[in-house]
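*Asks:* I need the structure of the sequence given here:
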Amino acid sequence: MRANDTVTTGAAVSWLALRVALVVVVGAGAVTLTPLVGWSVAAVLLGVLAVVLPQSFAAWGSVACFAIGMLIAGPDPGRAMIAVLVVHLIHILTTLILVVPVRARIVLRALRPTALRFLVVQAIAQPLTLLVMLGSAREIVEAPWVVVAGAAALVTLTVVLIVGSTGEEK
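*Replies:* You can find the predicted model right below:
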């Protein structure tokens with residue numbers, strides 16, 4: 001390259017955008033999913049710690065705060081669906097924060113595959129969450145073996161999809 005050469009990319013955002021998004025998602029989850037202020041504050045503080053020290057995986061502590069808050073509040077299909085969304089977003093953002101260097105610019109087009117995977121997973125997970133929550137609320141599942149069989153089927157499906165996706169690309 002010469003001194004007058006330039007490289008142009010599409011629209012890009014700062015590395016800070018991912019970190020701010022993580023705090024916003026954790027904050028929204030704390031307000032929505034935890035009925036006690038103490039657990040909400042703990043979740044947000046852990047989210048901030050995850051932004052400052054990404055290798056600490058502190059954002060997963062905020063997910064634990066959400067779980068405790070949901071146990072305290074009791075079952076609710078709407079809150080369960082929000083929890084699936086928030087936890088998935090936290091997972092994606094913490095993963096991206098680990099690989100995006102400080103002071104880097106992130107080309108938005110590079111995030112497209114991640115966004116598409118997010119939408120596909122949510123399109124599958126949200127109806128399943130609603131189905132499970134409505135089934136458990138109406139006591140459709142009375143036998144504990146049904147839960148074990150469902151979990152085994154889910155693990156089997158996951159293994160089949162992972163093994164099938166690791167084949168050689170031509």
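*Asks:* give the contact list for residue 161.
*Replies:* Contacts for residue 161 were tallied using Cβ atoms under 8 Å, 6 or more residues apart in numbering; there are none. (C-beta placed from N, C-alpha, C; glycine too.)
*Asks:* so which helix or strand of the chain has the lowest pLDDT on average?
*Replies:* One helix or strand of the chain scores below all others by mean pLDDT, DSSP states H and E: helix 144-165, with a mean of 75.
*Asks:* and the most centrally placed residue in the chain, how close does it get to residue 3?
*Replies:* Most central in the chain under Cα atoms, centre = their mean is residue 88, positioned 1.5 Å from the mean C-alpha point. To residue 3, residue 88 is 45 Å away according to Cβ to Cβ, to the nearest Å.
*Asks:* then residue 152?
*Replies:* Distance from residue 152 to residue 3, by Cβ to Cβ: 63 Å.
*Asks:* tell me where this protein has strands.
*Replies:* Secondary structure of the chain by DSSP state E: the strands cover 12-14, 105-107.
*Asks:* would you format those as JSON lines with distance to residue 77 included?
*Replies:* Putting the strands of the chain into JSON lines (distance: least, Cβ to Cβ, whole Å) gives the following:
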{"stretch": "strand 12-14", "distance to residue 77": "34"}
{"stretch": "strand 105-107", "distance to residue 77": "35"}
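*Asks:* one step back: I'd like the distance from the least confident helix or strand of the chain to the chain centre, please.
*Replies:* 20 Å (Cα atoms, centre = their mean, to the nearest Å).
*Asks:* show me the shaky parts of the chain.
*Replies:* Scanning the chain with the threshold set as pLDDT under 70 gives 1, 136-147, 167-170.
*Asks:* all helices of it, in order?
*Replies:* Under the criterion DSSP state H, the chain contains helices at 15-33, 37-52, 59-73, 77-99, 112-137, 144-165.
*Asks:* to residue 106, which of the ones you listed lies closest?
*Replies:* helix 15-33 (6.7 Å; Cβ to Cβ).
*Asks:* just the buried residues of stretch 74-81, please?
*Replies:* For stretch 74-81, a neighbour-count test (16 or more other Cβ atoms under 10 Å) marks 79-81 as buried.
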